[in-house]
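Following is a predicted model, sequence given first.
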Amino acid sequence: MRRALLATLLLAGCGSPPPPPQDTPGSRLERAAQRAGLVGDPARAGLAGSWAADTDRLCIVPAGRDTFRIGALIDYGEGQGCAAAGTARRSGERVAVAFGPCRFDAHFDGERIVFPAAMPAACDRYCTGRASLDSLTVERLSGALAEAATLRTPSGKRLCSVGE
């Protein structure tokens, strides 16, 4: 009896493939807005540029065929902040970020970049005071690479320049 029940449960999980996307008025409107350029298409949106929200900053510049230099700066003043630089690789809406031993996947929707709510413990080394990289959320400020390359830490180190 138990084997029959187990087999039934296993087969129930092997249902039919997911249905194709529906052709609803809302989905047609969304596609039309994307074609008209009113709504950005995440698949076509570029990752490189300057990103910001309040005092949080992010720079991303191309570093190779599929890689980017990425830098994050959070400055709450009075010894409260974060500064990290590393590399990133994009795969659809996922951005694999590596700030040295601090590795995680950020989410990119074409308009915003969002870091995970719970960052790995290795990321704590890039922050001082009570600041953290948890849930860093930024929106595109500029697509200009020259502007993105100018982001600096309070001590003057560039976060998105190769070789500095």
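Received it, and whenever you're ready, just let me know what you need.

so where does residue 104 fall, helix or strand?
strand 102-108 (DSSP states H and E).

Output that strand as CSV, restricted to C-alpha atoms.
Written as CSV, here are the backbone C-alpha positions of strand 102-108 (Å, rounded to 0.1, in the frame of the first residue of the first chain):
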residue,chain,number,x,y,z
CYS,A,102,32.1,37.8,-1.2
ARG,A,103,30.1,36.1,-4.0
PHE,A,104,26.4,36.3,-4.6
ASP,A,105,23.7,36.7,-7.3
ALA,A,106,22.0,40.1,-7.7
HIS,A,107,18.8,40.6,-9.6
PHE,A,108,18.6,42.9,-12.7
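
Show me which helix or strand of this protein is least confident by mean pLDDT.
helix 2-12 (a mean of 46; mean pLDDT, DSSP states H and E).

buried set for the strand holding residue 104?
For strand 102-108, a neighbour-count test (16 or more other CB atoms under 10 Å) marks 102, 104, 106, 108 as buried. Heads up, the C-betas are built off the backbone N, CA and C, glycines and all.

Stretch 140-155 now?
Going by 16+ other CB under 10 Å, stretch 140-155 has these buried residues: 140, 141, 148, 149, 151, 152, 153.

closest to residue 93 among those?
Using CB to CB, residue 140 is the member of the buried residues of stretch 140-155 that sits closest to residue 93, with 14.9 Å.
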